[in-house]
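J.: turn this into a model:
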Amino acid sequence: MAKKKAFALRINEEMLKAIEKWASDEFRSTNGQIEWMLMQYLKQNKRDPKHKGKSDSD
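T.: Got it, this is the predicted structure:
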């Protein structure tokens, strides 16, 4: 399992409420939902940590 690192995140109240609702609908914690959302976006843009494609320098 990958090591996790904590950091502060500032987010507007309305966006946080929407994420909390979505997390609840998906039976995830708010933190888990944010991690899932970020990973989906990274995968969509072929930047996820496990992607075997070309690097940015290519």
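J.: in the helix or strand that contains Ala18, what's buried?
T.: Per DSSP states H and E, Ala18 falls inside helix 13-25. Neighbour counts using 16 or more other C-beta atoms under 10 Å place 19, 23 of helix 13-25 among the buried residues. In this view, the C-beta of every residue, glycine as well, is placed from N, C-alpha and C.
J.: and the next helix or strand past that helix?
T.: helix 30-44.
J.: so how far is that next one off the chain centroid?
T.: The chain centre lies 2 Å from the centre of helix 30-44; the measure is C-alpha atoms, centre = their mean, to the nearest Å.
J.: would you mind writing the CA trace of that helix as CSV?
T.: Extracted C-alpha coordinates of helix 30-44, given in CSV (Å, rounded to 0.1, in the frame of the first residue of the first chain):
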residue,chain,number,x,y,z
THR,A,30,-15.1,12.8,2.4
ASN,A,31,-11.3,12.2,2.3
GLY,A,32,-11.8,8.9,0.4
GLN,A,33,-14.1,10.7,-2.1
ILE,A,34,-11.5,13.4,-2.8
GLU,A,35,-8.8,10.8,-3.3
TRP,A,36,-11.0,8.9,-5.7
MET,A,37,-11.9,12.1,-7.6
LEU,A,38,-8.2,13.0,-7.9
MET,A,39,-7.2,9.5,-9.1
GLN,A,40,-10.0,9.5,-11.7
TYR,A,41,-8.7,12.8,-13.1
LEU,A,42,-5.1,11.6,-13.1
LYS,A,43,-6.1,8.4,-14.9
GLN,A,44,-8.2,10.4,-17.4
